[in-house]
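Peer 1: Have a look at this fold, sequence not included:
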């Protein structure tokens, strides 16, 4: 079984307008005997849903697509958090503001896709620059 807990969607100056973007965070616990990989997803509110990581590049923290997805090892837990691994909603079709409910389907390799609805809230943690690194 895969448990997903404490999910939330970040509200910031990047998410408060159409065509913006934002991060999605949660705790994943893999109670199976095989690795499960988050490979992306979909949401009515975003054109693209991708797995991302934050890396140090040119002396600053930058976000980039996580090639191969995000692996949740068998029997372990993994937390997606600001400034680290996360799911990215890109090309927002409407602003995401504090208190909004955001529904997305998370696509997995090794497990059935899961649809969740999480609260949007402001967080100052992990103020990485939302610029794709080349």
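Peer 2: That came through fine. Given the structure is predicted, the values throughout are model-derived calculations rather than measurements.
Peer 1: from here on, contacts and neighbour counts on C-alpha atoms
Peer 2: Noted.
Peer 1: For residue 59, grab phi and psi.
Peer 2: When read as degrees, to the nearest 10, the backbone of residue 59 gives phi 80, psi 10.
Peer 1: Next, count neighbours for it.
Peer 2: Neighbours of residue 59 under the rule other CA atoms under 10 Å: 7.
Peer 1: residues touching it, list them.
Peer 2: With contacts defined as CA atoms under 8 Å, 6 or more residues apart in numbering, residue 59 is in contact with no residue.
Peer 1: can you tell me how far it sits from residue 31?
Peer 2: Counting by CA to CA, to the nearest Å, the gap from residue 59 to residue 31 is 38 Å.
Peer 1: Where do the strands of the chain begin and end?
Peer 2: With DSSP state E as the criterion, the chain has strands at 2-11, 21-30, 36-42, 46-57, 60-65, 70-72, 77-80, 86-92, 101-109, 114-122, 129-132.
Peer 1: Any chance of a markdown table for those, columns mean pLDDT?
Peer 2: Shown next, in a markdown table, are the strands of the chain (pLDDT from 0 to 100):
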| stretch | mean pLDDT |
| --- | --- |
| strand 2-11 | 96 |
| strand 21-30 | 96 |
| strand 36-42 | 97 |
| strand 46-57 | 92 |
| strand 60-65 | 87 |
| strand 70-72 | 98 |
| strand 77-80 | 97 |
| strand 86-92 | 97 |
| strand 101-109 | 98 |
| strand 114-122 | 96 |
| strand 129-132 | 46 |
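Peer 1: Please identify the most buried of those strands.
Peer 2: strand 86-92 (a mean of 24; mean count of other CA atoms under 10 Å).
Peer 1: Just the residues contacting that one, thanks.
Peer 2: With contacts defined as CA under 8 Å, 6+ apart, strand 86-92 is touched by 15, 17-25, 40, 43, 45-53, 80.
Peer 1: and the residue most central in space within the chain, what are its bridge partners?
Peer 2: Note on the chain: the residue nearest the mean C-alpha position is residue 87, at 1.7 Å, using CA atoms, centre = their mean. Beta-bridge partners for residue 87, by DSSP bridges, are residue 24, residue 51.
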